[in-house]
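Peer 1: Structure for the following, please:
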Amino acid sequence: MSSSTNLRPRWVLPTIVFAQFACTSLWFAGNAVLPDLLRDAGLVGTSLGAVVSAVQLGFIVGTLAFGLLRLADRVPPARLFLLCAVAGSLTNAALLLPGPTPALVLGLRFATGLCLAGIYPVGMKIAADYYENGLGRALGYLVGALVLGTALPHLLRLLAADFAWQAVVLATSGLALSGGLLLWLLVPNGPFRRPGARLQLAAAWDVFRERPFRQAALGYFGHMWELYTFWAFVPLLLATHARLHPEPGPVGPGWAFGLIAAGAPACVAGGYLARRWGSLGTARAALAVSGACCLLSPLLLALPRPAFGVGVLVWGMAVVADSPQFSALVAQRAPAAATGTALTLVTCLGFALTIVSLQAFAGLQPYVEARYLFLLLVPGPVLGLLATRRAAKRATA
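Peer 2: Next up, the predicted model:
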């Protein structure tokens, strides 16, 4: 057993994974209950794309502020995680306030995104503080937890079909609070934590000067162009197929949950494959598969339901399996004292791209037949593969 293994208790990774899962369930909680919320509150003019973009925008602003202030490297990360989990659970629960307006709903989702900036990248930072070696495998579990957290509201909506939608909001808020408390109590500072230096705003961007780091970041950006737009419009993908193939049987929250949740075991499997192929090879393979699914999406929608189900399951797995490996590459290629800052800034820029992708997708909906809309996602994987091509050649040379 390695000395680094002796430095971490066995419960560390499971605790981080659970906390990440519990807190990231806040991400799409608003989406799962949005139709009921808008109907009960009598709100008009508030779309799915706007609600998703509000969370993403809050996350972008939060990660940018955290990155420039270097909070993830200067503040004990478990404490930062807890504070953001508590605040996020409160902003999510505030959706239950009486008499909501469109501005209030969008503002609360923006605030939840701000809180998530101290959860997702900080969770990866905590893992990096404990796993100097095998980080790709550890992040495979963490991003798998993010995927399950993202899919959870769809499952809760399905299970709570006979209950008020408010139960989904309360469940996700309670889960986030428990995750933050558990991580704070059980996961102290990791043995490989390097506290950051004093605040230097210009120095936060110095991490992008190194070519290996930039290549990893660009690969991540290409992946992000596709990921959240795909997740956000999974209901549209399923509804389009149901319209083109009016077969018996529902295609609803259960399908949406399964399609998104399939990415969780794919992330974990990718972590183990990375031990053989390396993080870069594993990430590029997954990116190539998801890019092919984007390109073939019109043909995929033309398939009968069983074949379509298999195809979108593969897509749901590949679309996120590269995420932990790109994050591992970013963490490994960043300066030791700036790992948290590097992860936070790259995540910030990646999510900024999701805003562009989401809005472009939503803006084209009135003008483009739904079966062709998912072709818009193709440039992300293509650019990600091109950006990492030289690094892949060096790795195999």
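
Peer 1: What segments of the stretch 51-200 of the chain are helices?
Peer 2: Secondary structure of the stretch 51-200 of the chain (DSSP state H, counting those that start in this stretch): helices at 71-74, 77-93, 102-116, 120-130, 135-159, 166-186.

Peer 1: Buried ones in the fifth one, by neighbour count?
Peer 2: Under the neighbour-count criterion of 16 or more other C-beta atoms under 10 Å, helix 135-159 has 135-157 buried. All C-beta spots, glycine's among them, are computed from the backbone N, C-alpha and C.

Peer 1: re earlier: now the helices of the stretch 51-200 of the chain as JSON lines including distance to residue 349 and mean pLDDT?
Peer 2: Listed next are the helices of the stretch 51-200 of the chain as JSON lines, based on distance: least, C-beta to C-beta, whole Å; pLDDT from 0 to 100:
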{"stretch": "helix 71-74", "distance to residue 349": "15", "mean pLDDT": "74"}
{"stretch": "helix 77-93", "distance to residue 349": "20", "mean pLDDT": "93"}
{"stretch": "helix 102-116", "distance to residue 349": "15", "mean pLDDT": "89"}
{"stretch": "helix 120-130", "distance to residue 349": "12", "mean pLDDT": "80"}
{"stretch": "helix 135-159", "distance to residue 349": "18", "mean pLDDT": "75"}
{"stretch": "helix 166-186", "distance to residue 349": "25", "mean pLDDT": "89"}
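
Peer 1: Need the winner for burial among those.
Peer 2: Sort the helices of the stretch 51-200 of the chain by mean neighbour count, taking mean count of other C-beta atoms under 10 Å, and helix 120-130 sits at the top with a mean of 27.

Peer 1: between it and helix 166-186, how big is the angle?
Peer 2: 30 degrees (axes from the mean of the first three to the mean of the last three C-alpha atoms, to 10 degrees).

Peer 1: Ok, which of the helices of the stretch 51-200 of the chain comes nearest residue 303?
Peer 2: Among those, helix 135-159 comes nearest to residue 303, with 22.6 Å by C-beta to C-beta.

Peer 1: Between helix 166-186 and the closest one, find me the angle.
Peer 2: Put simply, helix 135-159 runs at 150 degrees to helix 166-186, going by the same axes, to 10 degrees.

Peer 1: helices or strands up against helix 135-159?
Peer 2: helix 12-24, helix 29-41, helix 120-130, helix 166-186, helix 253-261, helix 263-295, helix 323-332 (3 or more C-beta pairs under 8 Å, 6 or more residues apart in numbering; DSSP states H and E).

Peer 1: Quick one: list the elements packing against the fourth one.
Peer 2: The reference is to helix 166-186. helix 12-24, helix 29-41, helix 77-93, helix 135-159.

Peer 1: If you count contacts, what does the third one end up packed against?
Peer 2: For helix 77-93, the helices and strands in contact under the criterion 3+ C-beta pairs under 8 Å, 6+ apart are helix 12-24, helix 102-116, helix 120-130, helix 166-186.

Peer 1: Now tabulate the ones you listed in JSON lines and tack on distance to residue 320.
Peer 2: Output for the helices and strands packed on helix 77-93, formatted as JSON lines (distance: least, C-beta to C-beta, whole Å):
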{"stretch": "helix 12-24", "distance to residue 320": "12"}
{"stretch": "helix 102-116", "distance to residue 320": "16"}
{"stretch": "helix 120-130", "distance to residue 320": "13"}
{"stretch": "helix 166-186", "distance to residue 320": "20"}
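
Peer 1: Out of the ones you listed, flag the one nearest residue 60.
Peer 2: helix 102-116 (7.6 Å).

Peer 1: Could you tell me how far that closest one lies from the centre of the chain?
Peer 2: 17 Å (C-alpha atoms, centre = their mean, to the nearest Å).

Peer 1: tell me the angle that helix makes with helix 135-159.
Peer 2: With the same axes, to 10 degrees as the basis, helix 102-116 and helix 135-159 are set at 150 degrees to each other.

Peer 1: Could you count how many residues lie near residue 263?
Peer 2: Residue 263 has 29 neighbours, counted by other C-beta atoms under 10 Å.

Peer 1: now residue 246
Peer 2: Per other C-beta under 10 Å, the neighbour tally for residue 246 reads 6.

Peer 1: Would you quantify the distance from it to residue 234?
Peer 2: 19 Å (C-beta to C-beta, to the nearest Å).

Peer 1: Residue 185 too?
Peer 2: With C-beta to C-beta as the criterion, residue 185 and residue 234 are 35 Å apart.

Peer 1: cool, and residue 291?
Peer 2: Counting by C-beta to C-beta - residue 291 and residue 234 are separated by 18 Å.

Peer 1: Name the residue in these two with the higher neighbour count.
Peer 2: Neighbour count, other C-beta under 10 Å: between residue 291 and residue 234, residue 291 has more, with 24 against 21.

Peer 1: Brilliant, that's me finished.
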